[in-house]
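Trainee: Sequence and computational prediction follow.
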Amino acid sequence: IVYVVRLTDGDRNQVFFRVPSHNVVRVFPEGCFVEVYRDASRGWELATVLTALPEELLATEMEVADNSSEDMDTVETVPVCLANSSNHGADLCMRVPYYLVRLRKSCPAICHVFI
């Protein structure tokens, strides 16, 4: 799959690029309302995008990353807070792979292109 990407500079000049799909990554702005796919039984749950995880969760995540050979790449994940999840009514904040996140109509999509 190849996307045609339009780049506009400050002078309103436009350049079009053909970009392979693996070079395009969706980015979700902070505060954006999204849906996150949890699993077959829970399906899609409402969530809000965070700038980063709360500090205590981030610290725990870093300790886990230090102890493993593969750390979770923050470019490929989205920090979210699930509202009213099945976690006994408390908000659950975590990083999820970007392919498990979809926009709700109220939030614009932003993409980063790696050329």
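Mentor: Nice, I can see it.
Trainee: Are we agreed that His22 is in a strand?
Mentor: No: read with DSSP: H, G, I helix; E, B strand; the rest coil, His22 is helix and lies in no strand.
Trainee: who's in contact with Val101?
Mentor: Val101 sits next to 26, 28, 34-37, 47, 78, 80 when contact means Cβ atoms under 8 Å, 6 or more residues apart in numbering. Glycine gets a C-beta too; all of them are placed from N, C-alpha and C.
Trainee: Just read off the phi/psi values of it.
Mentor: The phi/psi pair for Val101 (degrees, to the nearest 10) reads phi -120, psi 130.
Trainee: I figured Glu35 hits Leu46, correct?
Mentor: Yes: judged on Cβ atoms under 8 Å, Glu35 makes contact with Leu46 at a distance of 6.1 Å.
Trainee: quick one, which of those two is more surrounded?
Mentor: The neighbour comparison of Glu35 against Leu46 (other Cβ atoms under 10 Å) goes to Glu35, with 17 against 14.
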